[in-house]
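**Q** The sequence and its predicted three-dimensional model are supplied below.
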Amino acid sequence: MRVLVIGAGALGGYYGACVARAGGDVTFLVRGKRAEQLRRDGLRIVSPHGDFAVQPTIVEANDLKQPYDVVLVGVKAYSLDEAMNQFAPAVGPDSMVLPILNGLKHIDALTAKFGAARILGGLANVSAGLDADGRVVQFMANQTIVFGEIGGGSSERVLALEALLNVPGIDVRASEAIMQDMWEKFVQLSTLAGITCLMRASIGDILAVPNGEQSIFRLFAECCAVATASGFAPREPFIEFDRKLFTTLDSPLKASMLRDIERGSITEAEHILGDMANRARALGIDTPLLDLARAHVAAYEVGRRRAAG
């Protein structure tokens with residue numbers, strides 16, 4: 001299978017590099033400045049599992065002419081519209097488009113652009129970011145990618161893709177209930193992003209203050225209520241996992257959204273917190289903490305845009 005990875009940031013860079021290291025036919029669609037950096041330094045991964053580098057095959061948007069078997073989309077949500085226009089020539093009649101963005105809203109945009117038959121559901125659980133030297137730094141050991149047919153069940157193409165991604169550095173799983181998986185990730189991320197951005201603190205620091213744990217789980221309950229009303233009640237193993245995740249004392253865990261705020265960067269707040277809050281309103285569910293977290297990050301965005309002129 002020929003794979004086109006959109007971007008070479010934290011998500012696309014990590015997973016694409018793992019497949020390329022294993023001998024996969026991987027090309028990265030990148031912009032000029034990143035292309036120059038990759039040609040000069042290679043695509044470098046710093047990981048708890050061992051550092052490595054690959055010399056990537058790269059293409060820029062103007063040179064993209066042929067369809068690919070798989071288009072792996074790992075850009076930030078606010079860059080999706082531009083990215084879709086750029087990689088459109090790579091989507092042929094039999095292409096699979098696998099988005100591993102956070103949230104759910106992007107599925108509608110991709111479906112409207114390319115048709116439902118080409119779009120898979122997917123999610124990634126990897127804590128990573130780009131450092132000042134352009135290296136992909138994996139902060140924690142998790143490295144999961146899960147995907148499947150949006151309508152549920154299995155298919156030959158999903159199983160073939162699972163085999164392709166079954167390489168060192170990736171814990172891959174084909175799911176027969178990917179929308180359930182995505183909703184649970186949406187709940188987890190909305191809780192994590194909402195509480196760490198609202199408090200401007202890690203989970204460990206929030207747990208160390210009065211009512212910190214209670215606040216985390218009030219927000220968690222609000223997000224679970226939205227998922228349940230949408231037909232995707234969180235399963236008990238997921239709830240138990242998140243209870244442990246959100247009660248780990250001294251945990252340094254914080255959402256990438258908070259790291260964006262700390263850098264003074266644009267965030268995915270409306271794609272995550274805003275979308276969850278809008279779904280709650282449409283379902284008549286009261287979510288006061290979620291609404292406050294959304295307003296908090298939205299106010300940050302207002303100030304950021306003003307400072308940028």
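**A** Received the coordinates, thanks.

**Q** Name the strands paired with the one helix or strand residue 44 maps to and say parallel or antiparallel.
**A** Per DSSP states H and E, residue 44 falls inside strand 43-46. Strand 43-46 pairs in its sheet with strand 52-54 (antiparallel), strand 136-149 (parallel), by DSSP bridges.

**Q** For the first one, give the mean pLDDT please.
**A** It refers to strand 52-54. Here strand 52-54 scores 96 as its mean pLDDT.

**Q** any idea which helix or strand comes after that strand?
**A** With elements assigned by DSSP H and E, the helix or strand that comes after strand 52-54 is strand 57-59.

**Q** Paired strands for that next one, with orientation please.
**A** Here strand 57-59 has these sheet partners by DSSP bridges: strand 25-29 (parallel).

**Q** how much distance is there from the strand it pairs with to the middle of the chain?
**A** Taking C-alpha atoms, centre = their mean, to the nearest Å, the mean C-alpha location of strand 25-29 is offset from the chain mean by 19 Å.

**Q** Relative to the whole chain's centre, how far out is the strand holding residue 44?
**A** The chain centroid and the centroid of strand 43-46 are separated by 19 Å under C-alpha atoms, centre = their mean.

**Q** Show me the contact partners of that strand.
**A** For strand 43-46, the surrounding residues in contact (C-beta atoms under 8 Å, 6 or more residues apart in numbering) are 8, 13-14, 16-18, 20, 28, 51-56, 131, 133-138, 169. (Each C-beta comes from the backbone N, C-alpha and C, glycine too.)

**Q** Of the residues you listed, keep whichever come out buried.
**A** With burial judged by 16 or more other C-beta atoms under 10 Å, the buried subset of these is 8, 13-14, 16-18, 20, 28, 52, 54, 56, 134-138, 169.

**Q** All the helices of the chain, residue numbers only.
**A** Taking DSSP state H as the test, the helices found in the chain are 10-21, 32-41, 80-87, 105-114, 156-165, 178-199, 203-207, 212-229, 236-245, 256-263, 269, 275-283, 288-308.

**Q** possible to save those as CSV with distance to residue 146 and mean pLDDT?
**A** CSV is the format used below for the helices of the chain (distance: least, C-beta to C-beta, whole Å; pLDDT from 0 to 100):
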stretch, distance to residue 146, mean pLDDT
helix 10-21, 12, 95
helix 32-41, 27, 94
helix 80-87, 20, 96
helix 105-114, 14, 96
helix 156-165, 10, 97
helix 178-199, 5, 98
helix 203-207, 23, 98
helix 212-229, 17, 98
helix 236-245, 12, 97
helix 256-263, 18, 94
helix 269, 24, 97
helix 275-283, 20, 98
helix 288-308, 25, 97
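
**Q** Mind checking those for the one nearest to residue 70?
**A** Residue 70 lies closest to helix 156-165 among those, at 6.4 Å (C-beta to C-beta).

**Q** Going by neighbour count, list what's buried in the closest one.
**A** Using 16+ other C-beta under 10 Å as the test for burial, helix 156-165 gives 158, 161, 162, 164, 165.

**Q** got those residues as a markdown table, with distance to residue 45 columns?
**A** As requested, the buried residues of helix 156-165 are exported to a markdown table (distance: C-beta to C-beta, whole Å):
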| residue | distance to residue 45 |
| --- | --- |
| 158 | 26 |
| 161 | 21 |
| 162 | 22 |
| 164 | 19 |
| 165 | 16 |
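
**Q** Out of these, the closest to residue 149 would be?
**A** The closest of these, once distances to residue 149 are taken by C-beta to C-beta, is residue 158, at 6.1 Å.

**Q** bridging residues for the nearest residue to the closest one once chain neighbours are set aside?
**A** Closest residue to residue 158 apart from its sequence neighbours, by C-beta to C-beta, 6 or more residues apart in numbering: residue 174 at 5.0 Å. Beta bridges link residue 174 to residue 147, judged by DSSP bridges.

**Q** Check the offset of stretch 237-246 from the chain's centre.
**A** Centroid separation for stretch 237-246 versus its chain: 19 Å, with C-alpha atoms, centre = their mean.

**Q** CA atoms of stretch 137-151 as CSV?
**A** Taking C-alpha atoms only, stretch 137-151 is exported to CSV below (Å, rounded to 0.1, in the frame of the first residue of the first chain):
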residue,chain,number,x,y,z
VAL,A,137,9.4,14.0,21.0
GLN,A,138,7.3,11.2,22.5
PHE,A,139,6.6,12.2,26.1
MET,A,140,5.0,9.0,27.3
ALA,A,141,5.2,5.3,26.3
ASN,A,142,1.7,5.1,24.8
GLN,A,143,1.6,4.7,21.0
THR,A,144,-1.8,3.3,20.1
ILE,A,145,-3.7,3.8,16.9
VAL,A,146,-7.3,2.4,16.5
PHE,A,147,-9.5,2.6,13.4
GLY,A,148,-12.4,1.0,11.7
GLU,A,149,-15.4,1.3,9.4
ILE,A,150,-17.6,4.2,10.6
GLY,A,151,-20.7,2.0,10.2
